[in-house]
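S.K.: what's the 3D shape of this:
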Amino acid sequence: MSENKEELKEEQINQEEVEQNVETQEVHEETNEPKELTLEEKIAELEAKLKESEDKYFRVHADFENIKKRLEKEKYQAIDYASEKFAKDLLAPIDTLEMALAAEEAAKEVPAEELLAKLKEGVELTIKNFYTAFEKHDISIVETEGEFDPNFHNAVMQVDSTEHEDGQIVQALQKGYLFKDRLLRPAMVSICKK
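M.R.: Below is the predicted model of the structure:
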C-alpha cells in the first residue's frame, strides 16, 4: 500500500508538472505569436508601410535634386570666377604703369636723362610684377636655347651662323609662354641654316 501511495503521489506530481508545462507553453505561445489579423487589418498595415516608403522616397529624391542644383550652381560659379586670382595679381603691374604716367606729369621740370632713368626703372618694375604674377599662376617662358622644337618654337627665318649648328636657335625674336604644360604662345625664333 505504501508503494501505491507513493506511485499515486508520483503520478500526481508528474501530472502537476505536465499541467504547469502546458500552461507555460500556452503563455509563451500567446506572447510570441501575434494574434491573427483580419484581411482588412493586413491591407491597412501594408498600405501604411507603402505610404511610409513613398514618403521616404520622395524626401530622398527631393534632397538629391536640391544637391544636384546646388552643385550645378557652384560649378558655374567656379567656371565664371576661375580667373579671379590671376586678375587680382595683374592689378599690381597696372598700378605701376599708372604711377609711371603720373610721375611723367610731375617731372616736367626734371632733366630728360633723369626722367628717362625713372621711366626705365618704372618699366622694369612693371615687368618684374608681371613675371611675379605669372610665376604664381604657373606661367613660364619657353626656353629658346639649343635645339629648335616645333612644339614650342615658331621659326620665322633662317640665318647663317658660324657659332651654331644646323637647326639650332640663333635668336629669340619674341618670347613664348607655357601655362603649366600647355603652350600659350610659341616662341618666335630664327634658326641656323647651313
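S.K.: so who does the closest residue to Gly167 other than its chain neighbours touch?
M.R.: The shortest distance from Gly167 to any non-neighbouring residue, by C-beta to C-beta, 6 or more residues apart in numbering, is to Phe148 (5.4 Å). All C-beta atoms are positioned from the backbone trio N, CA, C, and that covers glycine. By C-beta atoms under 8 Å, 6 or more residues apart in numbering, the contact list for Phe148 reads Ala155, Gly167, Gln168, Ile169, Val189, Ile191.
S.K.: next, the first one: phi, psi?
M.R.: Yep, that's Ala155 we're talking about. Geometry field for Ala155 lists phi and psi as phi -80, psi 120, criterion degrees, to the nearest 10.
S.K.: for the residue nearest to it when sequence neighbours are not counted, grab the count of nearby residues.
M.R.: Once flanking residues are discounted, Ala155 sits nearest to Ile191: 4.8 Å by C-beta to C-beta, 6+ apart. Neighbourhood size, Ile191 [other C-beta atoms under 10 Å]: 20.
S.K.: you'd agree Ile191 is in a strand?
M.R.: Yes - when DSSP: H, G, I helix; E, B strand; the rest coil is applied, Ile191 is found to be in a strand.
S.K.: isn't it right next to Ile169, touching?
M.R.: Yes - under the criterion of C-beta atoms under 8 Å, Ile191 makes contact with Ile169 at 5.8 Å.
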